[in-house]
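J.: everything below, folded, please.
(one chain, ligands or ions: 1)
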Amino acid sequence: MPLTKITFFERFEPIILSGDKTITIRDQAESHYVPGTRVAVHTLETDRWFCDIDIISVTPVSFDELTEEHARQEYLTLDALKPLIREIYPGIDSLYVIEYRLA
Ligand SMILES: CC(=O)Nc1ccn([C@@H]2O[C@H](CO)[C@@H](O)[C@H]2O)c(=O)n1
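T.: Residues are numbered from 1 along each chain as shown. Below you'll find the predicted structure:
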């Protein structure tokens, strides 16, 4: 069976491959990833595969509940993470923390 796929902005490839970025925060449309399964990671821009990840957990979080701990796991500061989420998901409060490890 082919692997499920997830895409990331290409600029995050180095910190995903180094293991520094261990979560991604997505909206409901991308909350379907299943803990314990393997997912192929591609760039959003060119759909280039660059690694596989194993999904650890998928946890609902509201925008207002985002903490420095989430930011640390994103390898960002909270002051950088919040505007980034607002830019990617304008007006969306209902989010999901997808925790993963490199396969
Ligand atoms: C379709 C698609 O690829 N979308 C996204 C969505 C999010 N992200 C990253 O997840 C974290 C929280 O949102 C931040 O690090 C984002 O930059 C990403 O890389 N790509």
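J.: which helix in the protein runs the most residues?
T.: helix 78-88 (DSSP state H).
J.: ok, then the element right after that one?
T.: With elements assigned by DSSP states H and E, the helix or strand that comes after helix 78-88 is strand 94-102.
J.: for the ligand, see how far away residue 31 is.
T.: The gap separating residue 31 from the ligand is 12 Å, by Cβ to the nearest ligand atom, to the nearest Å. All C-beta spots, glycine's among them, are computed from the backbone N, C-alpha and C.
J.: wait, isn't that residue in contact with residue 96?
T.: Yes - at 4.1 Å, residue 31 counts as touching residue 96 under the criterion of Cβ atoms under 8 Å.
J.: out of those two, which sits in the busier spot?
T.: A direct count of neighbours by other Cβ atoms under 10 Å for residue 31 and residue 96 places residue 96 higher, at 20 against 15.
J.: rewinding a little: where do the contact lists of residue 31 and residue 96 overlap?
T.: Residues touching both residue 31 and residue 96 (Cβ atoms under 8 Å, 6 or more residues apart in numbering) are 58, 60.
J.: follow-up on the earlier one: whether the longest helix of the chain contacts the ligand - can you check?
T.: Yes - under the criterion of Cβ under 6 Å from any ligand atom, the ligand is reached by helix 78-88 at 84-85, 88.
J.: just among the residues you listed, which is most surrounded?
T.: residue 85 (19 neighbours).
J.: so that residue sits against residue 63, correct?
T.: Yes - under the criterion of Cβ under 8 Å, residue 85 makes contact with residue 63 at 6.7 Å.
J.: shared neighbours, these two?
T.: Residues touching both residue 85 and residue 63 by Cβ under 8 Å, 6+ apart: residue 95.
J.: and the longest helix of the chain, average pLDDT?
T.: When pLDDT is averaged along helix 78-88, the result is 98.
J.: just the CA trace of it, in PDB.
T.: Presented in PDB, the C-alpha positions along helix 78-88 are these (Å, rounded to 0.1, in the frame of the first residue of the first chain):
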ATOM      1  CA  LEU A  78       6.000  31.700  20.200                       C
ATOM      2  CA  ASP A  79       6.200  35.200  18.900                       C
ATOM      3  CA  ALA A  80       7.200  33.800  15.500                       C
ATOM      4  CA  LEU A  81       4.900  30.800  15.600                       C
ATOM      5  CA  LYS A  82       1.600  32.700  16.200                       C
ATOM      6  CA  PRO A  83       1.800  35.000  13.200                       C
ATOM      7  CA  LEU A  84       2.900  32.100  11.000                       C
ATOM      8  CA  ILE A  85      -0.200  30.100  12.000                       C
ATOM      9  CA  ARG A  86      -2.400  33.200  11.400                       C
ATOM     10  CA  GLU A  87      -0.800  33.500   8.000                       C
ATOM     11  CA  ILE A  88      -1.200  29.900   7.000                       C
END
